Each structure stands twice: as C-alpha cells, then as structure tokens.
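> Need coordinates for the below:
(one chain, ligands or ions: 2)
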Amino acid sequence: MNNTTDLLEHLANLLGRNGVITDAPDIEPYAVDWRKLFPGRPVCVVRPSSSAQVAQVVQACRDAGVPLVPQGGNTGLAGGAVPDVSGTQVVLSLNRMAAVRNVDAVGMTIEAEAGCILKVAQDAAAAAGRLLPISLAAEGSATIGGVVAANAGGVNVLRYGMTRSLVLGLEVVLPDGTIANGLRKLRKDNAGYDWKQLFIGSEGTLGVVTAAVLRLLPRPKHSVTALLSVTDPDAALQLLELAQDELGDQISAFELISRTSLQLVEKHAALKPPIAEGEWFVLIEAASSLAGMREAAEAMLGSAFEREIALDGVIAESGAQAAQLWALREHVTESEAREGKSVKHDVSVPLTAIPRFLVEAGQALAAGAPGTLVNVFGHLGDGNLHYNVLVGARHDADAINRIVHDVVAAYGGSISAEHGIGQYRVGELARYRSPVEMEMARRIKRALDPHGLLNPGKVLLP
Ligand code: 2HG
Ligand code: ZN
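Numbering: from 1, shown residues only. Ligands and ions are numbered 1, 2, ... in the order given. Presented below is the predicted three-dimensional model:
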C-alpha cells in the first residue's frame, strides 16, 4: 500500500496532477474496452505529454516493480490495451501526445506522435495532397501508436499492405525506460537489424511506441465504388479474379459481406443495400491518379453479368453514394454489438480455400454449437474474414473458438489476421503456433522485458 502511495506521489510529481488519474469515474473509460468484454481495475491512469515523460514513467514503474499497460484509442477487439483486475497495473495513455509533427509531400512521409488520431493523420496527409492508406472503421478514435503497436489492417490492405509496410521509422520507450529513437524517414535502410519490426504488432508487450514516421502515397484523384450481389463465396472469388483482370492494381478494397451482416445493419442502423438480394455482397473500390476508373468498373460489371458471376450490382454515381455503400459495410461491427453477444474470430486462410472453409466451419458449428448464427464479413481480397458467431447465454465461447479455429488450422490459416492476440486469444496462440515459434517469442520478450512489466498477460501467457 505504501509502495503504491509512494509511486502515485512520484508519478504526480513527474506529470503534474493532471497527468495522473485516480478517481474511479474518470478511470472507467481507460479500464475497459469499448465492447465491455474485458473490464479491468488499474491503480491509476498516467498521461505523459512527451517521450521523455513516458521514459520517466516507465523507469518509475520499473523501479517500483509495477506493470504498465500502454493504451492508445482503446478501439481494439482483443483486450490488448486494458489492464487486468488485480488492481496492480498502471494504464499508460498516450492521448496527450497527439501532434502531427510534420508532413513531407516530396519525401512522402508523415511523422506523428503516438496519441495522434488516425483520422487526423489521414487529413494532414490529404491536406498535402498525399494519401495515408490505413483505413478502418475505428479511424476516428484509433491512434497512430495503437495502429502501429497492433499492426492494424483495415480495408486497403490488399493494395497497400498492413501498417507494417508503411512504417519507416519509430521511436520506442523500452521496458527499462530508455528511449530508442529511430525516427528516420528513409525508404532504404539496411543498416543492421531492422529492430522496429519487433515493436510493430507486439501490442505494447516489448516497448511503448511514442512516435512514428509513416510512408505516404500519391493521392488517387479518381475512384469508383461498386456493390454487387452474388450467390456464394465461390462467385465472390470469381469476381475477385475478374476485378484483378479488369481493374488490376487499381483495386483498393474488396470486401465480402454476408446477407446476415446486412440484415443486422438494416435492423440496427436502418440502412439497406440499393440492389437486389443475394446471399452474399461484395463491395469493391478502385482508385487511380488517372481517369477512366468508372469505365473500367462498368466493363467489369458488364463481364460479371455476362458470365453470370453477379446477380445484381450498382456503381456509385457520386462521392455521397459511395459513402452510402461504405456505410453498409462500416456499420456491421456496431450492429452486431447491438444484436447481442458474439464470439469473434478474425481469421485468414489461403484465398482459394475460403469457400471450403466457410462450408466446413458452418457444418462444424451446426453440429457442435447448434442455435448459433454466423455473421461473416471482411477483407476477402486479403483472405481475411471476420467469422463472428452470435451466441446465446448457454453457449461456451471456448468451445466455439475450438470449433472454428480447428477448421482454420486445417486449412493452414491464422487465428488472428489483423486484430492481434491481446488477452482474448492468448490461449489460442499458444495452442495453434508451434512450440519453436512460441519459444522464440518468449526469448524475445525475456531479452527486452526481463521482469515482464510491460503489458503482462497479452500475446504471451505470463
Ligand atoms: C472490420 O473489418 C473490423 O470492420 C472489425 O476489423 C471486425 O467486428 C469485427 O469483427
Ligand atoms: Zn477487419
């Protein structure tokens, strides 16, 4: 108790009274994830305003032997950014470090602090005529530090890659409180180990990301958005092949949405697709610096109807209509949450295996967890599906995970394509990754965080 009082006093001296939150109602938003699935009980929340302060906080907690949980926008889906219920962990919020430090239109880079909201960074890039191509439903609250720490995916991955492929430089506070400044803006840097890769996607278990330099791209001037309905996932894959032939490298999103997903969106968000019903829907976006996108999309739709791949389809006539089509996709998660309890799976399997995976997982669930309803949607172009099982109170989440993940494993897939492991999938990772890979991960963790004080219980079992 004394130790805690001393630590709180010390932290308040470092950060000022505003930098340390201890009152229960003020702590609440930091203590639990937005879905309220992982409620925690931190000692306090600290809000440093510079990398130097982050380093001081980490040192103070290390000296006191107190674990730290780094937190960005707290939009994650795997409980990776919230503390446990022990009442012993300190939440380290980066939300006071929110500056875009610079945008370089010629070098095509942006440097931003960890707490900078993704949307703010996107807008700063856009103001300079450039594109920051990380696009996700939570972009209005997710932060650059969180996006990097989670190696976020989103809807543009098939064209631009995961966050990892856009990170040029990082600043990280290590678990011993030292600052590693690698905020370089270089596209080519092969000088020794590329250590920043360790921190991207490590979910705050190896270091605290305090700032990042991200690569920007030319901003496409022309884009086209289309929604099509198809009978089954096989047809959706045929459509992907067709889109690759007709639109080639201009495809920036290729999203699959099931009828169940759209029924949930209609029920909870009052939005309806403007095309005839199909079992499955595909939302396609293509973008280019050159004109002719619409014509290319029309040609693609024409072939899709001619070859009877698509049942119906529409091309957005305006930016507003494109936004309406995207709204259908973007409201799925929220509508699912309103419907009730779900067991989420964020899986990837090789693209051509997707139709078989869906059939087999569906059969396995019908046999092992009757009465559940599957809400499938996701980034088909990347082989990444959100396979979310809506459950009643009597269903056992662990059993449902086992059913779905066993089928994923049988197809050589991943149990986390983009959301990460957090605390939610920590047991699943240990189960599905090989002993060699798990031991390698533990050695890296021990080397950087020998006392296990950074985000304990996330990614790896303690
Ligand atoms: C998305 O693609 C997000 O919209 C959330 O990754 C997925 O709610 C989900 O399961
Ligand atoms: Zn997703």
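> The residue most central in space within the chain in helix, strand or coil?
Centroid check for the chain by Cα atoms, centre = their mean gives Ala152 as the closest residue, at 3.7 Å. In terms of secondary structure, Ala152 is coil; the call rests on DSSP: H, G, I helix; E, B strand; the rest coil.
> same check, this time on Leu271
State at Leu271, reduced to three classes by three-state DSSP: coil.
> Do I have it right that it meets Leu325?
No: in terms of Cβ atoms under 8 Å, Leu271 does not count as a neighbour of Leu325; the distance is 9.8 Å. From N, CA and C alone the C-beta is placed, and that goes for glycine too.
> Which of the helices or strands spans the residue of the stretch 51-200 of the chain found nearest ligand 1?
Shortest the stretch 51-200 of the chain-to-ligand 1 distance, computed as Cβ to the nearest ligand atom: residue-wise this is Ala137, at 4.7 Å. Element membership for Ala137, per DSSP states H and E: none, as it lies in no helix or strand.
> if we can go back for a sec, quick one, what contacts the residue nearest to the centre of the chain?
With Cβ atoms under 8 Å, 6 or more residues apart in numbering as the criterion, the residues that contact Ala152 are 134, 136, 142, 146, 162-163, 418.
> who's more crowded, Leu271 and Leu325?
Leu325 (23 against 17; other Cβ atoms under 10 Å).
> Skipping adjacent residues, who's closest to that one in space?
Distances taken as Cβ to Cβ, 6 or more residues apart in numbering put Leu227 closest to Leu325, at 4.9 Å, once the chain neighbours are dropped.
> related to what we said a few turns ago, counting neighbours, which of the contacts of Ala152 comes out on top?
If you rank those by neighbour count (other Cβ under 10 Å), Gly146 sits at the top with 29 neighbours.
> Could you check how far the strand or helix carrying it is from the centre of its chain?
With elements taken from DSSP H and E, the one containing Gly146 is helix 144-149. Taking the mean C-alpha point of helix 144-149 and that of its whole chain, the gap between them comes to 9 Å (Cα atoms, centre = their mean, to the nearest Å).
> In it, which residues are buried?
Buried positions in helix 144-149, judged by neighbour count with 16 or more other Cβ atoms under 10 Å: 144-149.
> ok, for the residue of the stretch 51-200 of the chain closest to ligand 1, nearest residue in space, not its chain neighbours?
Closest residue to Ala137 in three dimensions, ignoring its sequence neighbours and counting by Cβ to Cβ, 6+ apart: Glu330, at 4.9 Å.
> and Gly383, what does it touch?
Contact partners of Gly383, counting by Cβ under 8 Å, 6+ apart, are 348-351, 354, 413, 417.
> how near is it to Glu437?
The spacing between Gly383 and Glu437, counted by Cβ to Cβ, to the nearest Å, is 20 Å.
> Check Leu256 too.
As defined by Cβ to Cβ, Leu256 lies at a distance of 29 Å from Glu437.
> What of Cys116?
Distance of Cys116 to Glu437, given as Cβ to Cβ: 33 Å.
> Give me the more crowded residue out of those two.
Neighbours of Cys116 and Glu437, each counted by other Cβ under 10 Å, are more numerous for Cys116; the result is 27 against 11.
> In this structure the more buried one contacts Val103, no?
No: under the criterion of Cβ under 8 Å, Cys116 lies out of contact with Val103, with a separation of 11.7 Å.
> Which residue ranges of the stretch 151-300 of the chain form helices?
Assigned helices in the stretch 151-300 of the chain, in chain order: 157-160, 196-199, 233-247, 259-269, 293-306 (criterion: DSSP state H, counting those that start in this stretch).
> Please spell out which residues along the strand or helix carrying Leu358 are buried.
Assigning secondary structure by DSSP H and E places Leu358 in helix 354-368. Buried positions in helix 354-368, judged by neighbour count with 16+ other Cβ under 10 Å: 354, 357-358, 360-361, 364-365.
> Could you dump those residues into CSV and include pLDDT?
As requested, those are arranged in CSV below (pLDDT from 0 to 100):
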residue, pLDDT
Ile354, 98
Phe357, 98
Leu358, 98
Glu360, 98
Ala361, 98
Ala364, 98
Leu365, 97
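> Just give the number of residues close to the nearest residue to Ser229 once chain neighbours are set aside.
Spatially, and ignoring its direct neighbours in sequence, Ser229 is nearest to Gly278 (2.9 Å; Cβ to Cβ, 6+ apart). If you count neighbours by other Cβ under 10 Å, Gly278 ends up with 22.
> Then Asp6?
Counted with other Cβ under 10 Å, the burial measure for Asp6 works out to 12 neighbours.
> Quick check: the gap between it and Leu454.
When distances are taken as Cβ to Cβ, Asp6 and Leu454 turn out to be 21 Å apart.
> Now do the same contact list for the residue lying closest to Val32 once chain neighbours are set aside.
Counting by Cβ to Cβ, 6+ apart, Val32 lies nearest to Pro39, which is 4.5 Å off, once chain neighbours are set aside. For Pro39, the contacting residues are 31-32, 82, 85, by Cβ under 8 Å, 6+ apart.
> By neighbour count, which of the residues you listed wins?
Compared across these, Val82 has the highest neighbour count, 26 neighbours, by other Cβ under 10 Å.
> tell me the secondary structure for the nearest residue to it once chain neighbours are set aside?
Once its chain neighbours are removed from consideration, Val82 has its nearest residue in Gly40; the separation is 4.6 Å (Cβ to Cβ, 6+ apart). Assigned with three-state DSSP, Gly40 falls in the coil class.
> what are the phi and psi angles of Gly40?
With angles defined as degrees, to the nearest 10, Gly40 sits at phi -120, psi 180.
> so who does it touch?
Residues touching Gly40, when contacts are defined by Cβ under 8 Å, 6+ apart, comprise 31-32, 69, 82-85, 89, 91.
> How much space separates it from Leu453?
In this view, Gly40 and Leu453 are 16 Å apart by Cβ to Cβ.
> Could you do Asn13 as well?
With Cβ to Cβ as the criterion, Asn13 and Leu453 are 20 Å apart.
> So which of the two has more stuff around it?
Legend: neighbour count by other Cβ under 10 Å for Asn13 and Leu453, higher for Leu453 (19 against 13).
> Excluding sequence neighbours, find me the nearest residue to the more buried one.
Spatially, and ignoring its direct neighbours in sequence, Leu453 is nearest to Pro67 (4.9 Å; Cβ to Cβ, 6+ apart).
> CA atoms of stretch 100-111 as PDB?
C-alpha atoms of stretch 100-111 as PDB (Å, rounded to 0.1, in the frame of the first residue of the first chain):
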ATOM      1  CA  VAL A 100       1.300  15.600 -36.300                       C
ATOM      2  CA  ARG A 101       5.000  16.700 -36.200                       C
ATOM      3  CA  ASN A 102       5.400  17.100 -40.000                       C
ATOM      4  CA  VAL A 103       4.200  16.100 -43.400                       C
ATOM      5  CA  ASP A 104       6.700  15.900 -46.200                       C
ATOM      6  CA  ALA A 105       4.900  16.000 -49.600                       C
ATOM      7  CA  VAL A 106       8.100  15.400 -51.600                       C
ATOM      8  CA  GLY A 107       9.600  12.700 -49.400                       C
ATOM      9  CA  MET A 108       6.100  11.400 -48.900                       C
ATOM     10  CA  THR A 109       6.300  10.900 -45.200                       C
ATOM     11  CA  ILE A 110       4.300  11.900 -42.100                       C
ATOM     12  CA  GLU A 111       5.700  12.000 -38.600                       C
END
